[in-house]
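> here is my input; please provide its structure:
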Amino acid sequence: MNDGLRIALYQPDIAGNTGTILRLAACLGLGVDIIEPAGFPLSDRALKRAGMDYLEMAALTRHVDWHAFQDWRKANARRLVLLSTKAVTPYTRFSFASGDILLFGRESAGVPEEVHEATDARVTIPMRNGARSINVALSVAMAVGEAIRQIG
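Numbers count the residues shown, from 1 in each chain. Coordinates of the predicted model:
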């Protein structure tokens, strides 16, 4: 079980990815914050299919919008680390800490500038030239794996 590391999904578009992330989080004992609106009903069958029976084990918190999430995060004094293709610091060179929230943007559009500016840190998964992005569920697994490795 992890000591407070969390995953936040900003307005996720694809139920299958969100279900996969919820399953990963449930298996690793991580909390997940979904910042609404999502691009699909959160009760969608595809979400349940991807998450399988692990959804019942997932520690899921829904936030009605970005501002509600920010209020919750600040009240809980949590550092927000955005994974972004626009960042320059590789995630493997960043020092993660217990209690960090790793934020991932929408599959279709990432996060708006307002969200970029509100984060405490921005990191990236380096990719070869010409590659647009890595699937968000795979990105979550990579970043969470590194964070857990560092935190211990």
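> quick one: low-confidence parts of this structure?
For the chain, the stretches with pLDDT under 70 are 1-3, 44-52.
> and the strands in it, which stretches?
Using DSSP state E, the strands of the chain run over 6-10, 31-35, 59-63, 80-83, 89-90, 101-104, 121-124.
> distance from the chain centre to the shortest one, please.
Meaning strand 89-90. Relative to the centre of its chain, strand 89-90 is centred 17 Å away, using CA atoms, centre = their mean, to the nearest Å.
> helices and strands around that strand, which ones?
strand 121-124 (3 or more CB pairs under 8 Å, 6 or more residues apart in numbering; DSSP states H and E). All C-beta spots, glycine's among them, are computed from the backbone N, C-alpha and C.
> just how off-centre is the strand it packs on within its chain?
For strand 121-124, the distance to the chain centre is 12 Å (CA atoms, centre = their mean).
> can you pull the buried residues of it?
Neighbour counts over strand 121-124 (16 or more other CB atoms under 10 Å) mark 122-124 as buried.
> what's around E107, how many residues?
E107 sits with 18 neighbouring residues when counted by other CB atoms under 10 Å.
> and if you look at the one 10 residues further on?
E117 is surrounded by 9 other residues when neighbours are defined as other CB under 10 Å.
> report the separation between it and S139.
Using CB to CB, to the nearest Å, E117 is found at 21 Å from S139.
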